[in-house]
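Engineer: Got a predicted model here, sequence first, then my questions.
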Amino acid sequence: AQSVTQLDSHVSVSEGTPVLLRCNYSSSYSPSLFWYVQHPNKGLQLLLKYTSAATLVKGINGFEAEFKKSETSFHLTKPSAHMSDAAEYFCVVRVNTPLVFGKGTRLSVIA
Amino acid sequence: NAGVTQTPKFQVLKTGQSMTLQCAQDMNHEYMSWYRQDPGMGLRLIHYSVGAGITDQGEVPNGYNVSRSTTEDFPLRLLSAAPSQTSVYFCASSYSRGNYGYTFGSGTRLTVV
């Protein structure tokens, strides 16, 4: 069975500083990995996905994630946080059919 | 606009009432799923379907029924609502082939009193 652990439930950064949201996964097979973002009272939007083509994945709004098989990690980064990045972020794994979600990391951005 | 449409957006039920949350997609996706979102729990899978006529249980299926008579529609039925079913419900769909992410609906906020 596959699972996802998001290592921080809440991350707070100052505007203009780097963002790091950590995610570890467990899967018996080669997984597909995703990051979704959810702004307050909104639906879920796909930020980026890893599907084995390249280990460094670029997404929307300047976010990136690096797949490290040896560490079973898929951390999300952004060089410079913006106020509009404040949201809930979900790391997600897919093997075959359903998605398996982490519990989420709430990102706060301080002006 | 192409996408996943959920109705209603908001609903208040009394304990013991039944209702159906509707979900429709127009992207010809084979896979459809229902999730519930609760604070600090992420999204948990209720039921999913890999095609018309085929459904299976997810992590938290108790108290819910689904059916998939067409590719487009995947309704979620609450049989006898309980306060523990107060949650935000998301429907999602995806292609079966390839490593695609799912497209999510905008959600249904359900309160059971």
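Structural biologist: Nice, thanks for sending it over.
Engineer: Quick check: chain neighbours aside, which residue is closest to B:Q57?
Structural biologist: Once flanking residues are discounted, B:Q57 sits nearest to B:H47: 5.9 Å by CB to CB, 6 or more residues apart in numbering or on different chains. C-betas here are computed from N, CA, C, even on glycine.
Engineer: which helices and strands does the host helix or strand of the one you found pack with?
Structural biologist: Per DSSP states H and E: B:H47 is located in strand B:42-51. Helices and strands touching strand B:42-51, by 3 or more CB pairs under 8 Å, 6 or more residues apart in numbering or on different chains; DSSP states H and E, are strand A:99-101, strand B:31-38, strand B:54-57, strand B:64-66.
Engineer: Mind putting these into JSON lines with mean neighbour count?
Structural biologist: Formatted as JSON lines, the helices and strands packed on strand B:42-51 follow (neighbours: other CB atoms under 10 Å in any protein chain shown):
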{"stretch": "strand A:99-101", "mean neighbour count": "24"}
{"stretch": "strand B:31-38", "mean neighbour count": "23"}
{"stretch": "strand B:54-57", "mean neighbour count": "14"}
{"stretch": "strand B:64-66", "mean neighbour count": "19"}
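Engineer: which residues are there in chain A that come within reach of chain B?
Structural biologist: Contact residues, chain A versus chain B (CB under 8 Å from any CB of the partner chain): A:9, A:32, A:34, A:36, A:42-44, A:46, A:49, A:51-52, A:90, A:92, A:94, A:97-104.
Engineer: tell me the contacts of B:T103?
Structural biologist: Residues in contact with B:T103 (CB atoms under 8 Å, 6 or more residues apart in numbering or on different chains) are B:3-4, B:25, B:27, B:29, B:92-94.
Engineer: any idea how far it is from A:Y29?
Structural biologist: Applying CB to CB, to the nearest Å, one obtains 23 Å for the distance of B:T103 from A:Y29.
Engineer: what do you get for B:V66?
Structural biologist: B:V66 is 26 Å from A:Y29, where distance means CB to CB.
Engineer: same thing with A:D8?
Structural biologist: Note on A:D8: its distance to A:Y29, by CB to CB, is 27 Å.
Engineer: With neighbour numbers in mind, choose between these two.
Structural biologist: A:D8 (15 against 8; other CB atoms under 10 Å in any protein chain shown).
Engineer: Just the element for that one, please.
Structural biologist: Using DSSP H and E, A:D8 sits in no helix or strand.
Engineer: bridging residues for the residue nearest to B:Q85 when sequence neighbours are not counted?
Structural biologist: Closest residue to B:Q85 apart from its sequence neighbours, by CB to CB, 6+ apart: B:V112 at 5.3 Å. B:V112 has the following beta-bridge partners by DSSP bridges: B:L13.
Engineer: Look at B:V112 and say how many residues are nearby.
Structural biologist: For B:V112, the tally of surrounding residues (other CB under 10 Å) stands at 19.
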